[in-house]
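Undergrad: Here's a sequence, model it:
(chains A, B, C and D)
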Protein chains: 2
Amino acid sequence: MEQNLQRRSGVALWRQIADSISSDIVRNIQDPNGKLPGEIALAARYGVNRHTVRTALRALSEQGLLETRHGDGTYVLRKPHVVYPLGRRTRFSDGIGDQAGAKRGRLVSSMLEPAETNVALGLALHPGTQVLRLDTISEADGYPMTRSTSWFDAGRFATMADFFSRTGSITAALKHYGIEDYFRKSTRIHARHATTAEIAELKLSAGAIVLVTHAVNATPEGEPLQYSITRFPADKVTLSIETDIAQ
Amino acid sequence: MEQNLQRRSGVALWRQIADSISSDIVRNIQDPNGKLPGEIALAARYGVNRHTVRTALRALSEQGLLETRHGDGTYVLRKPHVVYPLGRRTRFSDGIGDQAGAKRGRLVSSMLEPAETNVALGLALHPGTQVLRLDTISEADGYPMTRSTSWFDAGRFATMADFFSRTGSITAALKHYGIEDYFRKSTRIHARHATTAEIAELKLSAGAIVLVTHAVNATPEGEPLQYSITRFPADKVTLSIETDIAQ
DNA sequence: CAAATATGTCTATTCGTATAGACAACCAAA
DNA sequence: TTTGGTTGTCTATACGAATAGACATATTTG
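TA: Modelled structure (predicted):
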């Protein structure tokens, strides 16, 4: 019984258990076939009723993470945890490439809009300047891993959306504008509960936690190119920073 | 009415509202005196009953973030949001120093124990080697901002705990061993719900989210010195990475 | 096949969450 | 002092969350 659960917290026990199973149990599974401990064993471990565990397992099954077999047990369908590097030259495809299968970005929508304060600040533009907004979803292993909104100076990158749709890559799209290289200039990270829209787009179970990064990408000269807000499912993603000490 | 709340999610509406107020509203307050919108206005904005908003406000008041004045309104007592830099040479006191008042670490406990897999891997030791474990809490502005557990090679840093207690600083303690400089070698970041212990130690409201970093600090030569797991209250802390492009 | 073990379903009860409305108590400004 | 707006408290109701126990049904193993 690992008494890590809190009652009367505003977060239901079944949700805490679902988070725990998704982020801990699944990664430390001993069974070679990916079989989870039984419902009764899990109930004992968390110190709750078996029905509460079942609610958690049902949520994860509906999410596609687990499969329960009547009379047999519960099995892990996939181990969705990936490490996402936040290095200075990180690209999504670079980082995830060796950990999962498919890795292209998919354009959800694009539009022109006036820059809000944050965006203008990040891109070093005046607030209200027209900017191009791209909403994208990236997948790893067929499952959504990032939900990203990016802004670009509309005066310069008006047709970004077309290039991105064709290639599924910001890097490739920027090459059409003669930008051969760019860098992660600054990144801010926080975490919160997922919104309704994020639940749907990232195929999360309701009440899940998302990691959120606000990043500015820039040319080697430091000129801002892209301001982006990216949301990761916290139970499936660990962000990683590797520092080159001898720099 | 910003319909960002989800029902039947396993996360109570009052908790979602508390998180939202803590991380959004408080930062974007218009009123110069730090007065929040009224309960009825908030209820309308979130599309919930006034009593639900009151539950959220009560949680934040008990946490010390807000103060409600009968017949007047609700006021922000402190804006607890700090940006915590994760640069390669970051020290806690360096990063938080200019954003808040007090900033020293406090030793909660220290002990010798055999290194577990993660710790051994991070410190490049064999699993089971004796390591010194320090449990510390750092505060900014009088409020807990980090809850950290660090491990050091016990053969080398046996009396770390004493030095740390006296100075409240890992950096200072390491100097006693002739280590003038050290660097953040690698950092991994994820997020989850806070445990019961973390609720108490970080003075969180129950059900809060914590950002968790697993970091290895090393000498300039790359020799691992410290493996640490640090937990930050997600509603009060944003982690930040600034990259020096021209490096 | 039989036994042991696992998940699936059902009923019942208790407590936390959320809504609804009414009214009291209090404060600030006209 | 009066008025309007705000928080505080109370009652009532409905539903979700969690517990408890019993039993059905399916699978695996001996």
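Undergrad: can you count the residues close to residue A:174?
TA: As a burial measure, residue A:174 scores 22 neighbours (other Cβ atoms under 10 Å in any protein chain shown). C-beta here means a position set from N, CA and C on the backbone, and glycine is covered the same way.
Undergrad: Doesn't it belong to a helix?
TA: Yes. Counting by DSSP: H, G, I helix; E, B strand; the rest coil, residue A:174 is part of a helix.
Undergrad: Enumerate the residues of chain A near DNA strand C.
TA: A:7-10, A:36, A:38-40, A:51, A:54, A:57, A:68-74 (Cβ under 7 Å from any atom of the strand).
Undergrad: can you pull out the strands in chain A?
TA: A:66-69, A:73-76, A:82-85, A:105-114, A:130-140, A:143-153, A:183-193, A:209-218, A:224-233, A:237-242 (DSSP state E).
Undergrad: Output these in CSV; the columns should cover mean pLDDT.
TA: Listed next are the strands of chain A as CSV, based on pLDDT from 0 to 100:
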stretch, mean pLDDT
strand A:66-69, 95
strand A:73-76, 95
strand A:82-85, 87
strand A:105-114, 89
strand A:130-140, 90
strand A:143-153, 91
strand A:183-193, 91
strand A:209-218, 94
strand A:224-233, 94
strand A:237-242, 90
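Undergrad: Of all these, which one comes closest to residue B:182?
TA: strand A:237-242 (15.8 Å; Cβ to Cβ).
Undergrad: Break chain A down into its domains, please.
TA: Domain assignment for chain A, taken from automatic domain parsing, gives A:13-76, A:82-240.
Undergrad: can I get those domains in TSV with distance to residue B:127?
TA: Output for those, formatted as TSV (distance: least, Cβ to Cβ, whole Å):
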stretch	distance to residue B:127
domain A:13-76	15
domain A:82-240	22
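Undergrad: Just list the residues touching residue A:190, thanks.
TA: Neighbour list for residue A:190: A:211, A:212, B:23, B:211, B:234, B:237, B:238, B:239 [criterion: Cβ atoms under 8 Å, 6 or more residues apart in numbering or on different chains].
Undergrad: Residue A:132 and DNA strand C, how far apart?
TA: 38 Å (Cβ to the nearest atom of the strand, to the nearest Å).
Undergrad: Could you do residue A:202 as well?
TA: To DNA strand C, residue A:202 is 22 Å away according to Cβ to the nearest atom of the strand.
Undergrad: list the contacts for the residue lying closest to that residue once chain neighbours are set aside?
TA: Nearest residue to residue A:202 in three dimensions, chain neighbours excluded: residue A:144, at 4.6 Å (Cβ to Cβ, 6 or more residues apart in numbering or on different chains). Contact partners of residue A:144, counting by Cβ under 8 Å, 6+ apart, are A:137, A:138, A:201, A:202, A:203, A:233.
Undergrad: right, and the fifth one touches residue A:64 too?
TA: Think residue A:203. Yes. Counting by Cβ atoms under 8 Å, residue A:64 is a contact partner of residue A:203 at 7.1 Å.
Undergrad: Show the pLDDT at residue A:96.
TA: Note for residue A:96: predicted pLDDT of 46.
Undergrad: Spell out which residues of chain A are next to DNA strand D.
TA: Counting by Cβ under 7 Å from any atom of the strand, chain A sits next to DNA strand D at A:7, A:12-15, A:47-49, A:51-52, A:55, A:69-72.
Undergrad: In helices, which of the residues you listed fall?
TA: Counting by DSSP state H, the residues of chain A next to DNA strand D place A:13, A:14, A:15, A:51, A:52, A:55 in helices.
Undergrad: got a pLDDT number for the residue lying farthest from the centre of chain A?
TA: Distance from the centre of chain A peaks at residue A:71, with 34.6 Å (Cα atoms, centre = their mean). pLDDT, residue A:71: 95.
Undergrad: go on, residue A:221?
TA: On pLDDT, residue A:221 comes in at 87.
Undergrad: Over to residue A:181?
TA: 82.
Undergrad: was I right about it contacting residue A:221?
TA: No. Residue A:181 is beyond contact range of residue A:221, at 10.5 Å (criterion: Cβ under 8 Å).
Undergrad: What is the distance between stretch A:220-231 and the centre of its chain?
TA: 18 Å (Cα atoms, centre = their mean, to the nearest Å).
Undergrad: So that stretch, near chain B or not?
TA: Yes. Interface with chain B: stretch A:220-231 contributes A:220, A:221, A:222 (Cβ under 8 Å from any Cβ of the partner chain).
Undergrad: Can you pull the phi/psi pair for whichever residue of chain A sits closest to DNA strand D?
TA: At 2.5 Å from DNA strand D, residue A:71 is the closest residue in chain A, using Cβ to the nearest atom of the strand. Here is the backbone geometry of residue A:71 (degrees, to the nearest 10): phi 80, psi -10.
Undergrad: how close does it get to residue B:74?
TA: Computed as Cβ to Cβ, to the nearest Å, the residue A:71 to residue B:74 distance reads 55 Å.
Undergrad: next one: residue A:61
TA: Distance from residue A:61 to residue B:74, by Cβ to Cβ: 42 Å.
Undergrad: the more surrounded of the two?
TA: Just comparing residue A:61 and residue B:74: by other Cβ under 10 Å the higher neighbour count belongs to residue B:74, 21 against 16.
Undergrad: Tell me the bridge partners for the more buried one.
TA: On the basis of DSSP bridges, residue B:74 is bridged to residue B:68.
Undergrad: tell me the contacts of it?
TA: B:35, B:36, B:38, B:39, B:57, B:66, B:67, B:68.
Undergrad: Let's see the ChimeraX selection covering just the buried ones among the residues you listed.
TA: ChimeraX command restricting those to the buried ones, with burial defined by 16 or more other Cβ atoms under 10 Å in any protein chain shown:
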select /B:36,39,57,66,68
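Undergrad: in the sheet, who's paired with residue A:187?
TA: residue A:215, residue B:241.
Undergrad: Just to check, it is in contact with residue A:212?
TA: No. Using Cβ under 8 Å, residue A:187 is not in contact with residue A:212; the gap is 10.6 Å.
Undergrad: one step back: among the residues of chain A next to DNA strand D, name the buried ones.
TA: Buried among the residues of chain A next to DNA strand D (16+ other Cβ under 10 Å): A:12, A:13, A:14, A:15, A:48, A:52, A:55.
Undergrad: Against residue A:49, how distant is the closest residue to the fifth one other than its chain neighbours?
TA: For residue A:48, ignoring the flanking residues on the chain, the nearest one in space by Cβ to Cβ, 6+ apart is residue A:13 at 5.6 Å. Summarising the geometry, the distance separating residue A:13 from residue A:49, computed by Cβ to Cβ, is 9 Å.
Undergrad: same check, this time on residue A:4
TA: Noted for residue A:4: a distance of 17 Å to residue A:49, by Cβ to Cβ.
Undergrad: residues contacting residue A:116?
TA: Here residue A:116 is in contact with residue A:127 (Cβ under 8 Å, 6+ apart).
Undergrad: can you check residue A:109 too?
TA: Going by Cβ under 8 Å, 6+ apart, the list of residues near residue A:109 reads A:134, A:135.
Undergrad: what is it paired to in the beta sheet?
TA: Note on residue A:109: beta-bridge partners by DSSP bridges are residue A:135.
Undergrad: burial measure for the closest residue to residue A:23 other than its chain neighbours, as a count.
TA: Distance criterion Cβ to Cβ, 6+ apart; nearest residue to residue A:23, sequence neighbours excluded, is residue A:235 at 4.6 Å. For residue A:235, the count of nearby residues is 27 (other Cβ under 10 Å).
Undergrad: Residue A:41 now?
TA: Quick note: residue A:41 (other Cβ under 10 Å) scores 12 neighbours.
Undergrad: swap in residue A:124?
TA: 13.
Undergrad: how about it, what does it touch?
TA: Neighbours of residue A:124 in contact, by Cβ under 8 Å, 6+ apart: A:223, A:224.
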